[in-house]
Each structure stands twice: as structure tokens, then as C-alpha cells.
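Student: Sequence plus predicted model, see below.
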Amino acid sequence: MRYEPVIGLEVHAQLLTESKLFCGCSTQFGREPNANACPVCAGFPGVLPVLNKKVVEFAIKAGLATHCQIAHWSILARKNYFYPDLPKGYQISQYELPICADGYVDVDLDGVSKRVRLTRIHMEEDAGKNIHEAHGDSSLVDLNRAGVPLLEIVSEPDMGSSAQAGAYLRTLRAMLQYLGICDGNMEEGSFRCDANVSVRPQGTSALGTKIEIKNLNSFKAVERAIEFEIERQSDTLTDGGKLHQETRLWDEHREETRSMRSKESAHDYRYFPDPDLLPLVIDEQWIDAVRASLPELPAARKSRFISAYGLSAYDADLLTSRKDVADYFESALKIHANPKALSNWIVGDLFRVLKDKKLDEQLSIVTWPVSATHLAELVQLIDQEKISGKIAKTVFETILDSGKSPQAIVSEKGLEQVSDSSSIEAAIDQVLAANGKQVEQYKSGNEKVYGFLVGQIMKATRGKANPHKLNEILRGKLKSGE
């Protein structure tokens, strides 16, 4: 029997607020342990939480961007469980009445659109962090992360492959980055994912036993863990075994999942409304104000790049998958309006440099190896026929090394293209005279030697001859038999 996978994802996105969800402590990453802690996030008796309004605004933004219904009335609830990094003994979250519900994200994979439905988006506070080091039988607890605001984004089990899951995650992260509400840093834990995976006989509709996978800190880890789990579950059922609902951890080194604990159900957490927090009431006026503040999102920007700039869907997708790249492209476009040429230089040459310098691993590139102004000026020099495309490659590499403007480099190195017909004609005459054999071969029908002759002329002019004029004059001379 063949089995097919059913996949749903739960994403925790840390919000880019300066302070925590229910207190004024900083959310700054990387500070000394417990530097960002106070009686509220440390769970001292008698303290009262105060809801951060910015978190609510960010949640509304995420909900509107993902086509959710925004609840006018929602409840903050206590999720009760005991763990050393949870000092209160409960986590403030949302359960029955979340702030956002019934949305969707459209995902493009290999040119095919896939709609992934969202069950809900809700606010919750993060827990602290346990540190297991060489301290005998002890563990340490860092509460810097306790109380940091999160959005939990829960999808329906609409994905049928690891590739679809990876594409959904990339799409969702780009959307949150465009909104400016999450930096999407998986290594620092500000964009975390748990995967729910089950398999069922192909062609059936009933869901199989759901297995949750945790400890997924990269897109690659998510995809590999899902692939492993699909194979493991399919093999277990094929061999006559049974699957049990559980939580498993992804082991990056062994590239396998291993059992962590049996999966809890909602009733295990004894959810109930937090008595210290009033119901959250959101009026239509607030929702409209947030809607008016939404930026252009990746899908809309991609469509505009295709329609307004005549770019291919492939190029538009590459340019808009990161907000900083899309901003860079449009900054260059304001200086010189040749969208296709600028796109080619960015997707080809600039992306190569970003990869070589590992700048593409940064969440947002602030200092570019070639500024948008310099790239636009380089393309402008080509379009003005002051330099050839081949010379432009040399200029580009020199910009990388020196940071000088394209025009300054062209002037200093004497690289400006020769467009004077008499100078080009003189070089052509010299090459034709020196290569009589190849000229006769061309006249006898051997078109391949034409490229050789062009190369010799470019060599004679140190690569500076205007290619259009060179070809025009050369073909004319060969045709006339001069």
C-alpha cells in the first residue's frame, strides 16, 4: 500500500516590539542572563500584567495580511503546565477566542499556486530558557525571553510534501518581514516552527495519527525532518506496526527524529480565561487604521514588478522574495529606468557576490557591496554606449574592490567605448589584412570564423570598440569584398 503525507505547521513568530507582552522589560536579544527580567515576567506573587498595545496592532496586521477574520472580542487565557523556565506555572496565551481566525496564505511552488488555510493566529508570551551546562546535577534558567511577545500561526493540514511546507514557511516569513513585525531569524529563535505530520493510504480522506516534530531551526531542517518522518511512518504501517500520537525531536546530527513525549491535548493544559486581564475589544475603526498602514506585500509587489516593469515571473519572484532586495532594485530604477538590465545584473552578478561574501545569510542587507546608485550608473553607461557589456564586467569588479563610481573607474582606466567609425574601420582593415585566410574561409561560407575576426578586432581596440558599429562595418566590408 502506498501512503501520502498530510502536513500542518505551527509557527511562533517573535514580534519586533521594544518591550515584552505584559511588562516594560526589554526584548533585546543577547544580553546577560536575566538582565531583561522583572517581578512580572519572573512570576512574583501579587504582580499584575498590562497588555502591550503594539502587540495587538502587530497581530491585527498579520491577520489582515493573511486574510483572517479579526475578532472584535477575544480572550487571553492561562495555559497551565509546570516547567522550570515558566516561573508563573502558566503561560498567558489565547485558546477558544483568538484574535485572528480563518485566513489563508497563497504559496507559489514551481509556478503552481497552492492555498494553505490558516486555522488561527493568536498572541502569547514566550517562556524562558533552560541552560544545561557542566554544573553537576543543576541546570540554569535565563528569564530574558520570558514574556517576550509571540504570534502563533497555525495552519490547516493542507500541505502534501516537504517542498510545499518549505515554500509556505518562506512565504510566511517574507510576509512578516515586509510587515515589519518579525525579523524572521530562525537561528536566534525569533521564527520557530513545529511540524505536524501524518500519513494515510493514497486516495483516502481520513487523517492518520498526527506526530509533532520540534527543534526545527532552519528551512532545511524542516524539510528533512518531514521527509524522514513520512518515510518512518510509512515504513511502520507497511510493516504492520501502529503509530501513537507523540512529540518527537529532530536530531540534526543523525538526521532523524526521536521520541520526546506523548502528545498533550488541550484539556491537559486546563485553559481558562486569565482573571487579571479583561477581554480584548477591537473596534472597526482600529482595524481600518491598521489596514490603511499595511505596506505592499510580496505577492502584490511581484505582480507589480511583472506588469509595470515587464519582468518575468521568475525574476520578479527573486527580486521580491526579500524586501531589502526589492527596495534596492527600485532605488536603482529611480536613477536609471532600465528594469530588465538592472534585474539581470542583480539576479546574476550581484547575487553571486552576495553568496560569495555570505551577505545573503543576513536578514537584511544594510551595506551593499555595490550601491544601488553605482549599479544604476553602470547600466546607464552601457545604455549610453560609453562602455560595452564586457567592459562593464571589469568595471563591476573594480567597484567591488575600490568602491569608486563607474564613471570614475572608466575615466581613470581609459575604458570608454570607441564609437568613432573611422577608428573602428582602421582596426578592421588592419585585422582583415593580417587574416586573409580566415577572410577567404568566411567568404566560402564558413560563418564560424566571423567570431574569430570580431575577437581579433576587439583585441586590437583593447575591447573598447562599439560592438554595434563594429559588426555593421565588418559585415559591410566582408559583403562588399573590400
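Tutor: Ah, there it is.
Student: Give the residue spans of this protein that score low on pLDDT.
Tutor: Scanning the chain for pLDDT under 70 picks out 134-136, 263-267, 418, 420, 481-482.
Student: where's Leu333, which helix or strand?
Tutor: Secondary-structure element containing Leu333, defined by DSSP states H and E: helix 323-335.
Student: Please apply the same query to Leu342.
Tutor: Since the elements are taken from DSSP H and E, Leu342 ends up inside helix 339-345.
Student: Pull out the buried positions in the next helix or strand after that helix.
Tutor: Beyond helix 339-345 on the C-terminal side, the first helix or strand identified by DSSP H and E is helix 351-356. When burial is assessed from 16 or more other C-beta atoms under 10 Å, helix 351-356 yields the following buried residues: Val353, Leu354. To be clear about C-beta, it is placed using only N, CA and C from the backbone, and glycine gets the same treatment.
Student: burial count for Leu76?
Tutor: 25 (other C-beta atoms under 10 Å).
Student: surely it meets Phe272?
Tutor: No: when contacts are counted by C-beta atoms under 8 Å, Leu76 is not listed as touching Phe272 (10.8 Å).
Student: how close does Asp327 get to Leu176?
Tutor: Asp327 sits 16 Å away from Leu176 when distances are taken as C-beta to C-beta, to the nearest Å.
Student: Could you check which of the two is surrounded by more residues?
Tutor: For Asp327 against Leu176, the residue with the higher neighbour count under other C-beta under 10 Å is Leu176, and the figures read 27 against 15.
Student: May I ask which helix or strand encompasses the residue nearest to that one when sequence neighbours are not counted?
Tutor: Nearest in space to Leu176, with sequence neighbours left out and distances taken as C-beta to C-beta, 6 or more residues apart in numbering, is Cys182 at 4.1 Å. For Cys182, there is no host helix or strand (DSSP H and E).
Student: quick one: contacts for Cys182?
Tutor: With contact set as C-beta atoms under 8 Å, 6 or more residues apart in numbering, Cys182 has these partners: Ala13, Gln14, Leu15, Leu16, Leu151, Arg173, Leu176, Ser190, Phe191.
Student: Over to Ile424?
Tutor: Ile424 sits in contact with Val418, Ile457, Thr461, Ala465, Asn466, Lys469, Leu470, Ile473, where contact means C-beta under 8 Å, 6+ apart.
Student: what secondary structure does it sit in?
Tutor: Using DSSP: H, G, I helix; E, B strand; the rest coil, the three-state assignment for Ile424 comes out as helix.
Student: Show me which parts of the lengthiest strand in the chain are buried, residue by residue.
Tutor: Among the segments of the chain that qualify as a strand by DSSP state E, the longest is strand 112-125. Residues of strand 112-125 classed as buried under the neighbour-count rule (16+ other C-beta under 10 Å) are Lys114, Val116, Leu118, Thr119, Arg120, Ile121, His122, Met123, Glu124, Glu125.
Student: quick check, nearest of these to Gln245?
Tutor: Within the buried residues of strand 112-125, distances to Gln245 taken as C-beta to C-beta reach their minimum at Thr119, with 18.0 Å.
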